[in-house]
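1. coords please:
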Amino acid sequence: MQQISKITDSLLISNSRSACNDELLHHEGITHCINVSRQQPFPSLKISTLRIAVFDDPQENLYDYFDLCADAIQDTAQGGGRSLVYCKNGRSRSATICIAYLMKHQQLPLEKAFQIVKAARSVAEPNKGFWSQLQRYEENLMATQSKMQTN
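-> As a prediction, the model looks like this:
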């Protein structure tokens, strides 16, 4: 089944099959795609794209891309656009990126951000390695926020 799940008004998540359905993208008003995979194709629609070339492997370093992706999603939203984040199954890699965005730009704790993504897309489940990277990201975001509050 082809499906794009809405996390926020400007952030959506799907698998690669749905992400490459130009009719579905057009219907959802997608203006930016983040492809979190090494092999999955991009849609043929002329929209902005970003590839994060990682496998769904707990050893992969997705952490280094959290800020880049979260900021790209935020910039797209502020410009009135909508971002679609996808990987092969729309389960681990794409969910991880969406959670990182919610943590950074909506100041949500990891657990709450995960619940929101899971509610939008029931199969969402970051692998153990990505989950531990999200935990480290949460610690770093909290440390940065507390530094900003003391200055």
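
2. low pLDDT regions in the protein?
-> Residue ranges of the chain with pLDDT under 70: 1-2, 151.

3. ok, which stretches of it are strands?
-> Assignment of strands within the chain using DSSP state E yields the ranges 4-8, 11-15, 32-35, 48-51, 83-87.

4. ok, the last one: who's next to it in the sheet?
-> Strand 83-87 has the following strand partners under DSSP bridges: strand 11-15 (parallel), strand 32-35 (parallel).

5. For Gly90, which of those strands is the nearest?
-> strand 11-15 (3.8 Å; CB to CB). In this view, the C-beta of every residue, glycine as well, is placed from N, C-alpha and C.

6. now the closest one against strand 4-8, angle please.
-> 150 degrees (axes from the mean of the first three to the mean of the last three CA atoms, to 10 degrees).

7. How far off centre is strand 11-15?
-> Offset of strand 11-15 from its chain centre (CA atoms, centre = their mean, to the nearest Å): 8 Å.

8. What are the contacting residues of it?
-> 3-7, 28, 30, 73, 77, 82-91, 94-95, 98, 101, 117, 120-121, 124 (CB atoms under 8 Å, 6 or more residues apart in numbering).

9. Now the buried members of these.
-> Among the contacts of strand 11-15, those classed as buried by 16 or more other CB atoms under 10 Å are 4-5, 7, 28, 30, 73, 77, 82-91, 94-95, 98, 101, 117, 120-121, 124.

10. Tell me how many other residues crowd the closest residue to Lys104 other than its chain neighbours.
-> Nearest non-adjacent residue to Lys104, counting by CB to CB, 6 or more residues apart in numbering: Ala70, 4.3 Å away. Ala70: 22 surrounding residues under other CB atoms under 10 Å.

11. what's the answer for Lys46, then?
-> 7.

12. Skipping its backbone neighbours, what lies nearest Lys6 in space?
-> Leu12 is the one closest to Lys6 (CB to CB, 6+ apart), at 5.3 Å.

13. Against Gln106, how distant is that neighbour?
-> Look at Leu12 and Gln106: by CB to CB, to the nearest Å, they are 15 Å apart.

14. The helix ranked longest in the chain - contacts with which helices or strands?
-> With secondary structure taken from DSSP state H, the chain has its longest helix at helix 128-150. Using 3 or more CB pairs under 8 Å, 6 or more residues apart in numbering; DSSP states H and E, the elements in contact with helix 128-150 are helix 93-105, helix 110-120.
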